[in-house]
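Asks: This is the structure alone, sequence omitted:
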């Protein structure tokens with residue numbers, strides 16, 4: 001969840017709502033499933049959803065970005081802590097996808113063009129395109145991958161000049 005506002009306009013209530021929804025919930029869920037996986041002694045895979053906003057700076061949404069950066073770091077620390085139990089912890093880092101969260105923004109063609117200008121594949125992602133990476137991270141095909149964030153971003157995070 002996100003409330004798009006400039007840092008000086010963020011209220012304490014907005015801060016708490018975004019932190020609780022994006023970060024606290026992911027930690028609490030990971031902790032609970034982690035307890036189960038450690039006790040079951042069969043290992044497993046935990047996947048969270050971060051964002052490119054946790055890796056690169058965007059124009060607004062400082063609290064959203066903070067939660068997504070924290071998820072990336074949480075992924076690394078949990079992977080380190082739980083690796084000895086054969087528990088892999090990874091995260092997906094999407095860019096713009098067609099979702100209810102982005103629906104209104106993607107109606108602004110000028111804004112869409114700005115997104116496309118920094119996306120080498122020159123398009124907005126479709127939700128189905130997150131399925132393959134999630135299945136990969138959950139499957140035995142990624143048995144030696146942990147603590148990583150897989151950016152599913154049409155190349156957005158590779159920008160250079």
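Replies: Received it, and whenever you're ready, just let me know what you need. The structure displayed is predicted, hence computed values, not measured ones.
Asks: Would you map the strands across this protein?
Replies: For the chain, the strands defined by DSSP state E occupy 44-49, 87-94, 149-152.
Asks: helices or strands next to the first one in the packing?
Replies: Okay, so that is strand 44-49. Applying 3 or more C-beta pairs under 8 Å, 6 or more residues apart in numbering; DSSP states H and E, we find strand 44-49 packed against helix 25-40, helix 62-82, strand 87-94, helix 128-138. Just so you know, the C-beta spots here come from the backbone N, C-alpha and C atoms, and that holds for glycine as well.
Asks: Now do the buried residues in the first one.
Replies: This means helix 25-40. If you call a residue buried by 16 or more other C-beta atoms under 10 Å, then helix 25-40 has these buried ones: 26, 30, 34, 37, 38.
Asks: contacts for that helix?
Replies: Contact with helix 25-40 is made by 43, 44, 46, 48, 49, 71, 74, 78, 82, 85, 87, 89, as judged by C-beta atoms under 8 Å, 6 or more residues apart in numbering.
Asks: ok, the second one - contacts?
Replies: Okay, so that is residue 44. Contact analysis of residue 44 by C-beta under 8 Å, 6+ apart lists 33, 37, 86, 87, 88.
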